[in-house]
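*Asks:* Need a 3D model of the following:
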Amino acid sequence: FDLLTRPEPKQLTKAEQKEVKKVARSLLSRLKQETSVRHWRMQQSTRGGVRRAIREELNELPEGPYPKELWDQKVDVTYQYVFERFSADAADNI
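*Replies:* Prediction:
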């Protein structure tokens, strides 16, 4: 949730916050599946699957507070965070 809301977008309505939390939970669940493949970071296809999962899940973010440029940044930041911190052994820690 923090990756999706900080430092931008600056203001979200309560409904938008609820929607972002829902997306974050869904993404977390999906990432646990995608990163459960041993050494997922070593193969281009599994790295691509993780990036695709992030893009698909973040596509559900509310459009108003997430214009294309900001959405692209959130996809990149989220992927980088997952890539740096999570191996198959650490997937339970997401």
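*Asks:* low-confidence ranges in this structure?
*Replies:* The chain contains residues with pLDDT under 70 at 87-94.
*Asks:* mind listing what the nearest residue to V50 once chain neighbours are set aside touches?
*Replies:* Nearest residue to V50 in three dimensions, chain neighbours excluded: E34, at 4.8 Å (CB to CB, 6 or more residues apart in numbering). Backbone N, C-alpha and C define where each C-beta goes, glycine included. With contact taken as CB atoms under 8 Å, 6 or more residues apart in numbering, E34 is in contact with 40, 46, 49-50, 53.
*Asks:* now do P62
*Replies:* Contacts here follow CB under 8 Å, 6+ apart; on that basis P62 touches 12, 16, 19-20.
*Asks:* Including distance to D72, secondary structure and neighbour count, could the contacts of E34 go into CSV?
*Replies:* Shown next, in CSV, are the contacts of E34 (distance: CB to CB, whole Å; DSSP: H, G, I helix; E, B strand; the rest coil; neighbours: other CB atoms under 10 Å):
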residue, distance to D72, secondary structure, neighbour count
W40, 23, helix, 20
T46, 22, helix, 17
G49, 19, helix, 16
V50, 16, helix, 22
A53, 16, helix, 19
